[in-house]
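In: Here is my input; please provide its structure:
(chains A and B)
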2 protein chains.
Amino acid sequence: MNKPALAIDLGGTNIKIGLVQSHVIVAQVSLDAHSGSGLQGRLPFIEKAVFNLLVEHNILLSDLAGMGMSVPGIVDSTQKRILSIDRKFGDAPGIDFSAWCDKAFGLKLAMENDARSALIGEWKFGKAQAYDNAVLMTLGTGVGSAAIIQGQLLRGKHFTAGILGGHTIINYNGKDCNCGNKGCVETEASTWCIAGKVKAMEGYTTSKLAEEEKIDFESIFRCAAMGDAVAVKARTESLDVWSACAINLIHAYDPEILLLSGGIMASSETIVPYIEKQVHQHAWTPWGKVKAEAASFPASAALLGAGYLVSNA
Amino acid sequence: MNKPALAIDLGGTNIKIGLVQSHVIVAQVSLDAHSGSGLQGRLPFIEKAVFNLLVEHNILLSDLAGMGMSVPGIVDSTQKRILSIDRKFGDAPGIDFSAWCDKAFGLKLAMENDARSALIGEWKFGKAQAYDNAVLMTLGTGVGSAAIIQGQLLRGKHFTAGILGGHTIINYNGKDCNCGNKGCVETEASTWCIAGKVKAMEGYTTSKLAEEEKIDFESIFRCAAMGDAVAVKARTESLDVWSACAINLIHAYDPEILLLSGGIMASSETIVPYIEKQVHQHAWTPWGKVKAEAASFPASAALLGAGYLVSNA
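Out: Now for the predicted structure:
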C-alpha cells in the first residue's frame, strides 16, 4: 500500500485539504478561499489546517508520501509554477510552491491543473478506468476540461493542451470573456456569467427567478422544473452551450467516454442525458457513440488525482 | 536517396497524381474528380493517368517505393480504409484500396487524411520543420485541420483527433452542417456554403457580387477590395469565423505555429495577418504568441506528405 498523500484542491470558493490513500479520502477539511485577497495570505491558514488534520488523525508528516496540489489555472507541472490564473488569485504565479511545501512540511510537491487532476482521479479510480481515451468536462464557477489520448494525459508543450475547453469559442459574435477571448463557453453558461445573462433576458423582472435570493444553476433548474419561462430558456441555452462544448471536445480529442463533473452536477439527472443526446445526434463519430456519464467523484476526483500524482508524477 | 513514390491527392474537384521524391514533385498530373458519380468509377482513369505519367518520365513501377494517398475524410491509416467522407464520394468506404493498389500497380499503399498529409509535408519539408508542436488549418471547399503535439502526429483511437477543426461549433445556434452537426466552421465560412450565405444577405441583389458569374472567395475578396458593402461584410464574417477556428485549434492543441493552407490562400496577404492579429489578441497563451503563417506548399503539401508516408508510415 502506498503511503498516504496530502492533497489540496484550490478552488475559487473553497480550498479543500485531504489525506488521500489510493482511492480513499481518509480525512478532509475545507477552508474559505477568500480569493479576493490573493493566495499568499492564505498559505499560513492552509498550513494550520494541515497540521490540525494530521494531529486529529494521528498522522505524522513523515508518514506522508508528499503533497499534491490541484489548481484552477494553467500549471507548469514540471517547474511547479502557476502560469496563468483568474485574477482572484492574481499573486499565485509569483509563488514558489515547492519552496513553501518544503519549508512548511518538508514534503515534495506535485502540482497540476484541476480538471487534469480530476480526470486522473477518474482514470485511476473512477469511471474512466477502463478507457485509454477519455475527456472530462467540469461545469461550475468556470468550465474546465482535460483529455487522455491513447493512454497519455494530454499536457502540450506549454501545458495548455486539453484544459481550455471552457475557452472554446462557441459563439464567435459573443461577449468578451475574462480570459481575453470572446464568445467562450464560460461567457455563455457558467456560474460566474449566468446571473448577468438571466437578468438581461426579456421577462426577467416578472419571472420566478427575480424573486430568488441568488440566481445560479440550482435556482434556474428548480424554477425551470416549475415551468418558469425565463428559467426554462436559461436552462435550455446553458444545456445547448455545454453540449456544443462537449461535441467540440469530442471532435478535438476522439475519446470513447465523456465524463461530466463539477458543482453544477447536482442537476446531473437533467444535464447528462441532454448532453448525451446532443452528442449522439451531432458528433461526427463514424466508429460508434461516445458515452456521456456523470463522473464517479464529482466533488473529490481532483483530490484523488492530486494524491495519485505525488507518487506517479 | 529514397526511391520516388506515387502520390495521389483525392480532392472534391480534382484528383492530383504526382511522382514525389523527398520534397520534390518530379512530375504531376491532374484529373477531374467527377465526384458526383463516386470513386470506384474513377479508379481506371487514375490507373491510366499513372501509367501515362510513368511512361512519359521513363519510370518503371519497380522504381517506385509505393503509393501514398491523401483523402478528404476520416481515414483508418492502419487498415487503409475510408471510414467517412462527404457523400460526393459515397462509395469510397466500401473500396479496398490496398487490394486495388496491389492489383493495378503491385505497390504497397499508405493512406491518410488530407490535412494530416499536408501537415506532414510541411513538417518534414516546409515551415513546420523546426517545430514539434504545430497545427495546420486548410481553407477551401471545406475547412480541414491537423495537429502535431510534442513530436507526434495526432490521430486518436478512431482516427478523428486533430482533423475535425472545420467541424468545431463556433455558432451554437447556427445552421445544419453536412456532417450532422450544426454551427460548424464549415457552415459559416467555406467554399461550399459561402454563395448561399451571401445571397441571403441584405443588399445582395444590388451589390457587385450579384453581377459576378460565381460567388466564391475570389470574387468576394476582389469586390470587397473595391469597397462593395456586401462583399466587405462577407469577407469580415469569414475572417472572423476562421479566426475563431484558429483560436479553438490553438486552445485545443497548444502549438507553437499555425500554418494556413488550402485553395482560399490566393488571398493569403489579407487572411494571414487578420487571423494572426485575432490570435495574438484573443488566444490564451501565457507563454508567448503563436506564429501564424501561410504554408510553404499550399497546393502540394498533401502530395509531399502522402509520398513521405510511403517510406515512413
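In: Distance from whatever helix or strand residue A:302 lives in to the middle of the chain?
Out: Under the criterion of DSSP states H and E, residue A:302 resides in helix A:301-312. Put simply, helix A:301-312 sits 14 Å off its chain's centre (Cα atoms, centre = their mean, to the nearest Å).
In: what do you get for stretch A:7-27?
Out: Computed by Cα atoms, centre = their mean, the chain-centroid distance of stretch A:7-27 equals 13 Å.
In: Just the C-alpha atoms of the helix or strand harbouring residue A:46, please, in CSV.
Out: Here residue A:46 sits within helix A:43-56, counting by DSSP H and E. Extracted C-alpha coordinates of helix A:43-56, given in CSV (Å, rounded to 0.1, in the frame of the first residue of the first chain):
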residue,chain,number,x,y,z
LEU,A,43,-0.9,29.8,2.9
PRO,A,44,-0.5,30.1,6.7
PHE,A,45,-4.1,29.1,7.1
ILE,A,46,-3.6,26.1,4.9
GLU,A,47,-0.5,25.1,7.0
LYS,A,48,-2.6,25.4,10.2
ALA,A,49,-5.4,23.3,8.7
VAL,A,50,-3.0,20.7,7.6
PHE,A,51,-1.4,20.3,11.0
ASN,A,52,-4.8,20.2,12.7
LEU,A,53,-5.9,17.5,10.3
LEU,A,54,-2.7,15.4,10.9
VAL,A,55,-3.0,15.7,14.7
GLU,A,56,-6.6,14.8,14.6
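In: Go through that helix and flag the buried ones.
Out: A:46, A:49-50, A:53-54 (16 or more other Cβ atoms under 10 Å in any protein chain shown). Backbone N, C-alpha and C define where each C-beta goes, glycine included.
In: list the helices and strands it packs on?
Out: strand A:14-21, strand A:24-32, helix A:97-105 (3 or more Cβ pairs under 8 Å, 6 or more residues apart in numbering or on different chains; DSSP states H and E).
In: rewinding a little: out of the buried residues of helix A:43-56, which is nearest to chain B?
Out: Distance to chain B across those (Cβ to the nearest Cβ) is lowest for residue A:46, with 24.4 Å.
In: Okay, the closest one and residue A:11: tell me how far apart.
Out: 13 Å (Cβ to Cβ, to the nearest Å).
In: same deal with residue A:253?
Out: Taking Cβ to Cβ, one finds residue A:253 at 25 Å from residue A:11.
In: Between those two, tell me which one has more neighbours.
Out: residue A:253 (29 against 20; other Cβ atoms under 10 Å in any protein chain shown).
In: Just to check, that one is in contact with residue B:157?
Out: No. Between residue A:253 and residue B:157 there is no contact under Cβ atoms under 8 Å: 9.5 Å.
In: ok, back up a step: rebuild the helices and strands packed on helix A:43-56 as CSV, extending it with distance to chain B.
Out: Shown next, in CSV, are the helices and strands packed on helix A:43-56 (distance: least, Cβ to the nearest Cβ, whole Å):
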stretch, distance to chain B
strand A:14-21, 23
strand A:24-32, 27
helix A:97-105, 17
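In: what's the burial count for the residue in the stretch 101-250 of chain A that chain B sits nearest to?
Out: For the stretch 101-250 of chain A and chain B, the shortest gap (Cβ to the nearest Cβ) falls at residue A:156, measuring 3.0 Å. Residue A:156 is flanked by 18 other residues according to other Cβ under 10 Å.
In: Report the contact partners of residue A:96.
Out: Neighbouring residues of residue A:96 by Cβ atoms under 8 Å, 6 or more residues apart in numbering or on different chains: residue A:81.
In: distance of it from residue A:160?
Out: Distance from residue A:96 to residue A:160, by Cβ to Cβ: 22 Å.
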